[in-house]
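**Student:** The sequence and its predicted three-dimensional model are supplied below.
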Amino acid sequence: MSLNTTVAPFILRGVSLLGIDSGYIREPYRHGVWHRLATDLKPPHLARMSRQISFDELPAVFAEYIAGKAKGRVVVEVGGA
């Protein structure tokens, strides 16, 4: 599988692409890093930065993005509860 892409759209919008590449770190160090990210390094305002929606709510969220009014992260629950 091939994915040809660029980061230019993110750069043009002033978006910072931040992440952690832990694929090359051996256990147990990797486990310790991910544990800290889930506990003491977890941002205290994370709940305010994200929201969870159902799959049926996606069209409205797309409209927000197109209008430039979307804020934070959107997590889509695909399987239902």
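**Tutor:** The structure has been received and is ready for your questions.
**Student:** Please tell me how far residue 65 sits from residue 58.
**Tutor:** Distance, residue 65 to residue 58, by C-beta to C-beta, to the nearest Å: 10 Å. The way it works is simple: take the backbone N, C-alpha and C, and place the C-beta from them, glycine included.
**Student:** cool, residue 27 as well?
**Tutor:** For residue 27, the distance to residue 58 - C-beta to C-beta - is 37 Å.
**Student:** Give me the contacts around stretch 32-51.
**Tutor:** With contact meaning C-beta atoms under 8 Å, 6 or more residues apart in numbering, stretch 32-51 is reached by 20, 22, 25, 72, 73, 74, 75.
**Student:** rerun at 6 Å
**Tutor:** 72, 73 (C-beta atoms under 6 Å, 6 or more residues apart in numbering).
**Student:** can you check stretch 54-74 too?
**Tutor:** Contacts for stretch 54-74 (C-beta under 6 Å, 6+ apart): 49, 50, 76, 77, 78.
**Student:** so residue 53 sits in a strand?
**Tutor:** Yes: according to DSSP: H, G, I helix; E, B strand; the rest coil, residue 53 belongs to a strand.
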